[in-house]
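Novice: attaching a predicted model along with its sequence, questions to come.
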Amino acid sequence: MIVDAETQVVVMQVVVVVDKKEVIKKYEHIKNKFEEFSLENEFSFVKRLGRENFWSEDYSKKVIDEYLKFCTLSLFVNHGITPSDEVDQVWHLHLQYTDHYINIFCKELLQKNFYHGPTKGGTSEKQKYNCQYEETLKSYKKYFGKPNPKYWPSNKVRFGDSIYHQRVNIKNNFVISKEVFILFCFIMFSSLFLNIINLL
């Protein structure tokens, strides 16, 4: 029991004790069932995820595995959870497979509705998701071991550059880093400048 000093309201804090083996057992069950779904078509969930995010098939499979751990966590923790950007990409794609997501994944495997709620924006929402992500990482560590930063970066990274991702049609556009672009411009302008000097 906690007493909020500001409002003098008594807050009951429920502590749920969950056996790690129970979490792992549930995760393995979800993973086995999900693998049947994700490989059932020629253009599989794994391949589609890789294509949409420019990920290798191996990397896509690993991120899917992290997504399934994230979903399993949702069943056993008593706090809101927030995915990494990588895990969120899997979730976004899975939501597009509406029938599987609602009727099989949520109803049969998770046995609960698992809603995806985007931010409403603003400082309080930023703090909320920052805290939730931190709690998610702690819970992940408790049940699955230390999170791999390739799939679960720090808060600073998760809510820093990760939020600026955009879809780009690579058939019609070149994608190069800012560093490469600046170097290219420097070389071009240096070359142009030298040619002008030689003409004088």
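Specialist: Yep, that arrived. Numbers count the residues shown, from 1 in each chain.
Novice: any idea how far Lys20 is from the residue nearest the centre of the chain?
Specialist: For the chain, Val87 is the residue whose C-alpha lies nearest the centre (CA atoms, centre = their mean; 2.6 Å). From Val87 across to Lys20, the span is 20 Å (CB to CB, to the nearest Å). Placement of C-beta: from N, CA and C, glycine included.
Novice: so where is the chain shaky, pLDDT-wise?
Specialist: By pLDDT under 70, the low-scoring segments of the chain are 1-17, 38-43, 161-171.
Novice: helices of this protein, residue ranges please.
Specialist: Under the criterion DSSP state H, the chain contains helices at 20-38, 45-53, 57-76, 85-96, 98-99, 123-144, 155-158, 178-199.
Novice: put together TSV for those helices, with distance to Lys107 on each row.
Specialist: What follows is the helices of the chain, written out as TSV (distance: least, CB to CB, whole Å):
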stretch	distance to Lys107
helix 20-38	12
helix 45-53	19
helix 57-76	13
helix 85-96	14
helix 98-99	11
helix 123-144	23
helix 155-158	30
helix 178-199	45
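Novice: of all the ones you listed, which one is nearest Leu110?
Specialist: The closest of the helices of the chain to Leu110 is helix 57-76. By CB to CB, the value is 6.3 Å.
Novice: show me the contacts for His116.
Specialist: Trp91, His92, Leu95 (CB atoms under 8 Å, 6 or more residues apart in numbering).
Novice: at 10 Å what do you get?
Specialist: Shown in contact with His116 (CB atoms under 10 Å, 6 or more residues apart in numbering): Pro83, Asp88, Trp91, His92, His94, Leu95, Tyr101.
Novice: which ones are touching the residue lying closest to Tyr27 once chain neighbours are set aside?
Specialist: Leaving aside its sequence neighbours, Tyr27 sits nearest to Thr72 (CB to CB, 6 or more residues apart in numbering; 4.1 Å). Taking CB under 10 Å, 6+ apart as the criterion, Thr72 is in contact with 23-31, 109-110, 140, 143-144.
Novice: Produce a PyMOL select command limited to the buried residues of the residues you listed.
Specialist: Remark: buried members of these, expressed as a PyMOL selection using 16 or more other CB atoms under 10 Å:
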select buried, resi 23+26+27+30+31+109+110+140+143+144
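Novice: redo the contacts of Thr72 as TSV? Include distance to His79.
Specialist: Formatted as TSV, these follow (distance: CB to CB, whole Å):
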residue	distance to His79
Val23	15
Ile24	20
Lys25	22
Lys26	18
Tyr27	18
Glu28	23
His29	23
Ile30	20
Lys31	23
Leu109	21
Leu110	17
Tyr140	12
Tyr143	13
Phe144	16
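Novice: what's the closest of the contacts of Thr72 to Phe37?
Specialist: Leu109 (9.8 Å).
Novice: separation between that closest one and Leu194?
Specialist: Distance, Leu109 to Leu194, using CB to CB: 65 Å.
Novice: then Lys69?
Specialist: Taken as CB to CB, the span from Lys69 to Leu194 is 56 Å.
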